[in-house]
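> Quick one: sequence and predicted model below, then my questions.
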Amino acid sequence: MGQMAELLLVHGTDPLRLLEHAADGFFASSTATDADPFPSPRYLLALRQGGIRDDLLRLATERGLPGWFDPPLCVFQELPRRLGATSRKPCGDFEREVLLASVLRRAGQNLFTTLKRPGEYVDAVSQHFGELIAEGVTPEQYAAALAPGAGAEDFEQRRNADLASAFALYCADLEREGYRDGRDSFIDCARAISGSPDSLRAKLRGRREVRLFGVSDLRGGMRPLLQALLASPALDRVVLYSAEPLELGAGFSPRVEPLRAQHPIASRLFSGSGRVDHPVTAIDAPDTEREVDGGIGLGDSSRSAHGLGRQRRQVSGCPRSKELGGGGRGLLASQGGR
């Protein structure tokens, strides 16, 4: 087995600073050359959601950057297009429903055959199977997990036997027809990466680093995808960005880099260093339990339900003992211009 790519975990509580760190290549000016007439960052940056991409582009515009041609930037759901996918076609909702209804009729030998309308269980079974497939669970692993233990009830044994049989039949039907469940995009992407390192090199266009911003856990197929990226000879480094330290579990040995937040106003307010002598923009984050207990009803005309939302106000000369935002918990939003 070849050398694994380096895994770096960067975490911090300041979302702007975390994004600036992840997207540093997008905020740096690049000069075009004959060899690289349209320069762009030397890594692929994947963001959890489109709103963060909008923030990144806005920040780049505010800094006077002209933009890029086909930037190496995507959201998590676009990773299969950026990293690779197999030739198996994903099923849609209707296709899954029809196939699972057929599977339940054919696979039920113990419990499903006794039901008057087994099709009514399709939604529940589909959700359950989707969770298994998204994690890359095989029929053999599922059957082993459902194997009857000592003292198992008769109903439980019959149910588990039918579920194991149905899952195996469902997976076999999909494979025979060249389809996949459709909720297994990361698993399919991981298989494509493992099966063709050259294809990954071509898709990354020589880039040897992938950054994933906003990772909160490794569910939904993220664990197998991360394992495939680290094992690929096409990559040198994979970086995860998270708001807090992640417990990645067995099989991962990341180098952890805490990104310290820079909140000098908050530090002075709550560390005993005295007063703040210039206005500070704050946000009320109400403690609804305390406000209701204090006799302020949601129907009060002077404090409607909408009034319990966020309110911006200027706070000047706050001593440490004064709670920002009155009855709510004050959260500092900015300090002056930043």
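Happy to help now that I have it. Residues are numbered from 1 along each chain as shown.

> make it CA atoms for all contacts and neighbour counts henceforth
Will do.

> Could you work out the end-to-end span of stretch 146-154 for me?
For stretch 146-154, the first-to-last residue distance is 13 Å (CA to CA, to the nearest Å).

> One more: stretch 56-75?
Span of stretch 56-75 from end to end, CA to CA: 12 Å.

> Pull out the buried positions in that stretch.
Buried residues in stretch 56-75, counted by 16 or more other CA atoms under 10 Å: 56, 59-60, 67, 71-75.

> Arrange the residues you listed in CSV, one row each, with distance to Tyr241 as further columns.
Output for these, formatted as CSV (distance: CA to CA, whole Å):
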residue, distance to Tyr241
Leu56, 15
Leu59, 18
Ala60, 19
Gly67, 23
Pro71, 19
Pro72, 17
Leu73, 15
Cys74, 15
Val75, 14
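
> from those, which is closest to Arg176?
Among those, Val75 lies closest to Arg176 (CA to CA), at 31.3 Å.

> Count the residues that sit near the closest residue to the closest one other than its chain neighbours.
Spatially, and ignoring its direct neighbours in sequence, Val75 is nearest to Leu47 (4.5 Å; CA to CA, 6 or more residues apart in numbering). A count of nearby residues for Leu47, using other CA atoms under 10 Å, gives 25.

> Quickly note the distance from Leu47 to Val122.
33 Å.

> mind checking how far Cys171 is from Arg48?
29 Å.

> scratch that, Asp162
Asp162 is 37 Å from Arg48, by CA to CA.

> So these two - more neighbours on which side?
Asp162 (19 against 16).

> In three-state terms, label the most centrally placed residue in the chain for me.
Taking CA atoms, centre = their mean, the centroid of the chain lies closest to Val215, which sits 4.6 Å from it. Here Val215 is coil, with the state taken from DSSP: H, G, I helix; E, B strand; the rest coil.

> got a pLDDT number for it?
In this model, Val215 is scored at 95, pLDDT.

> so who does it touch?
48, 240-242 (CA atoms under 8 Å, 6 or more residues apart in numbering).

> Most widely separated two among those?
Pairwise distances across these (CA to CA) peak at 11.2 Å, for the pair Arg48 and Leu240.

> overlap in contacts of the two?
Joint contacts of Arg48 and Leu240 (CA under 8 Å, 6+ apart) are 212-215.

> Asp36: which of these is nearest?
Among the shared contacts of Arg48 and Leu240, Leu212 lies closest to Asp36 (CA to CA), at 25.1 Å.

> In a strand, the closest one, correct?
Yes - the assignment for Leu212 by three-state DSSP puts it in a strand.

> What's opposite it in the beta bridge?
Leu212 has these beta-bridge partners by DSSP bridges: Ala46, Leu240.
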